[in-house]
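Peer 1: Got a predicted structure plus its sequence, pasted below:
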Amino acid sequence: MTVLRNARVVLPDSVFTGSVEIRDGVITDIGPDGAGGEDMDGDYLLPGLVEVHTDHLEYHFKPRPGTEWDAVPAVLAHDAQLAASGVTTVLDALRVGSDPRSYDSALDDPAPAMAPRMAEAIEHSAQAGILRADHYLHLRCEVPAPDCVDVFDTFAGNPLVLLVSLMDHTPGARQFASIDAFRRYTIGKGRVSAAEFDEYVRYLQEYGARYSDVNRTAIAERVRERGFRLATHDDATVEHVAESVAIGGTIAEFPTTVAAAEAAVAAGQQTVMGAPNLVLGGSQSGNVSASEILSAGLLHVLSSDYVPSSPLQAVFQLADAGTLPIEAAVHLVSTNPAHAVGLDDRGLIAVGKRADVIRVHQHATHPVVRGVWRAGRRVC
């Protein structure tokens with residue numbers, strides 16, 4: 001038995017000062033402090049964060065252009081960073097589909113080969129019991145890529161797949177409706193030079209026109225057959241949302257307009273926005289801000305996207321600003337994402353739920369993770 005006492009326990013609808021009792025990986029009691037247990041020294045006790053979209057693992061595999069790190073150490077470094085950010089369950093987002101330029105040039109895009117290797121390293125590490133967080137897979141399917149369906153099929157029997165998203169980063173549409181924003185992003189990331197940019201856009205638009213619709217349909221059919229959850233990415237219009245609903249989409253990731261978010265919520269979809277967008281006060285692509293979606297009552301989930309620490313930072317930023325009480329902010333990063341992907345055994349501190357909890361000290365306005373328990377076992 002584990003008892004965590006003298007904590008500000010963040011419950012689903014309030015904050016309670018007292019203790020949490022854990023037995024056999026499950027929360028068995030929440031009540032006043034007793035004499036025994038581990039003293040939390042007045043720190044917050046939150047449900048562990050559930051992360052549904054992080055592509056940060058790729059940065060550990062390829063820390064620099066032309067460099068690939070050994071797979072298992074890369075997974076372990078990624079896992080440690082997530083745990084230190086309060087994440088106890090993560091859906092690692094793996095890109096499915098090559099850069100179209102690799103078909104017409106000498107460009108070497110390692111993504112199709114990387115995704116299976118990353119998945120194998122995650123599965124190996126999980127089976128070996130060396131991971132801090134609970135890891136699943138989120139397949140980010142780049143539908144303009146000619147090999148998107150073929151790479152997707154390599155994951156057909158993988159038991160770790162919980163979520164599939166359909167993504168189309170063709171410039172001039174969805175996330176990159178603004179070509180100027182796409183120019184800043186791609187050149188800033190070092191993907192192309194200024195001289196190469198126009199030709200790069202031509203390639204992407206050509207392949208988008210050729211493959212996006214057929215691949216979107218093919219992936220959606222496979223998702224239905226295999227019982228995965230389906231998300232659509234960067235929906236910008238009511239028509240995009242209607243298309244998503246028609247093919248079985250239940251999650252709207254990063255809608256780029258208020259109109260799309262409104263349509264998604266009206267259709268019963270769960271909306272996901274990036275926590276970096278909220279923390280930084282806006283979208284790097286010039287699209288709708290997460291704060292605006294939240295203010296309109298249209299936000300269900302915050303995702304770390306590309307900054308693992310951002311969801312927990314967003315929780316405390318929202319609470320400190322008086323935008324939401326901390327217990328409501330926690331729903332965005334724990335309860336709601338767990339529910340969205342069917343993991344209803346976790347995501348909140350309540351008797352009978354899995355004991356995924358984190359101890360958080362607030363230093364000025366900054367959250368500092370001081371302890372992480374996954375299924376009752378301290379992992380960080």
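Peer 2: All right, it came through fine.

Peer 1: avg pLDDT for stretch 60-80?
Peer 2: The average of the pLDDT scores along stretch 60-80 is 92.

Peer 1: and that stretch, how far apart are its ends?
Peer 2: 11 Å (CA to CA, to the nearest Å).

Peer 1: For that stretch, give me every contacting residue.
Peer 2: For stretch 60-80, contacts defined as CB atoms under 8 Å, 6 or more residues apart in numbering pick out 56-57, 92, 110, 114, 117-118, 120-122, 124-125, 130-133, 135, 190, 380. (Each C-beta comes from the backbone N, C-alpha and C, glycine too.)

Peer 1: which among the residues you listed end up buried?
Peer 2: Among these, those that count as buried by neighbour count (16 or more other CB atoms under 10 Å) are 56-57, 92, 110, 114, 118, 121-122, 125, 131-133, 135, 380.

Peer 1: of all those residues, which two lie farthest apart?
Peer 2: Spatially, the most separated pair among the buried ones among the contacts of stretch 60-80 is 110 and 380, at 30.3 Å (CB to CB).

Peer 1: Restricted to helices, list the buried ones among the contacts of stretch 60-80.
Peer 2: 57, 114, 118, 121, 122, 125 (DSSP state H).

Peer 1: wait, which of these is closest to residue 289?
Peer 2: Once CB to CB is applied, the member of these that ends up nearest residue 289 is residue 57, at 26.4 Å.

Peer 1: Pull the contacting residues for that closest one.
Peer 2: Contacts of residue 57 by CB under 8 Å, 6+ apart are 74, 75, 78, 92, 93, 94, 118.

Peer 1: Looks like the fifth one contacts residue 55 (just checking).
Peer 2: Translated: residue 93. Yes - counting by CB atoms under 8 Å, residue 55 is a contact partner of residue 93 at 4.6 Å.

Peer 1: and the spatially closest residue to residue 262 that is not a sequence neighbour, what are its phi and psi?
Peer 2: Counting by CB to CB, 6 or more residues apart in numbering, the nearest residue to residue 262 once its immediate chain neighbours are dropped is residue 298, at 6.3 Å. For residue 298, the backbone dihedrals (degrees, to the nearest 10) come out as phi -110, psi 10.

Peer 1: Now do the longest helix seen in the chain: which elements does it pack against?
Peer 2: Longest helix of the chain, by residue count under DSSP H: helix 197-226. Counting contacts by 3 or more CB pairs under 8 Å, 6 or more residues apart in numbering; DSSP states H and E, helix 197-226 is packed against helix 148-153, strand 161-167, helix 179-188, strand 229-233.

Peer 1: how about the helices in the stretch 251-380 of the chain?
Peer 2: 258-266, 275-280, 290-295, 310-320, 326-330, 336-340 (DSSP state H, counting those that start in this stretch).

Peer 1: among the helices and strands of the chain, which has the poorest mean pLDDT?
Peer 2: helix 179-188 (a mean of 72; mean pLDDT, DSSP states H and E).

Peer 1: how about that one: buried residues?
Peer 2: 181, 182, 183, 185, 186.

Peer 1: could I get it in PDB with only the CA atoms?
Peer 2: Presented in PDB, the C-alpha positions along helix 179-188 are these (Å, rounded to 0.1, in the frame of the first residue of the first chain):
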ATOM      1  CA  ILE A 179       1.700  30.200 -48.500                       C
ATOM      2  CA  ASP A 180       3.700  32.900 -46.700                       C
ATOM      3  CA  ALA A 181       3.200  31.000 -43.400                       C
ATOM      4  CA  PHE A 182       4.300  27.800 -45.200                       C
ATOM      5  CA  ARG A 183       7.400  29.700 -46.600                       C
ATOM      6  CA  ARG A 184       8.400  30.800 -43.100                       C
ATOM      7  CA  TYR A 185       7.900  27.400 -41.600                       C
ATOM      8  CA  THR A 186       9.700  25.300 -44.200                       C
ATOM      9  CA  ILE A 187      12.700  27.600 -44.800                       C
ATOM     10  CA  GLY A 188      13.000  28.200 -41.000                       C
END
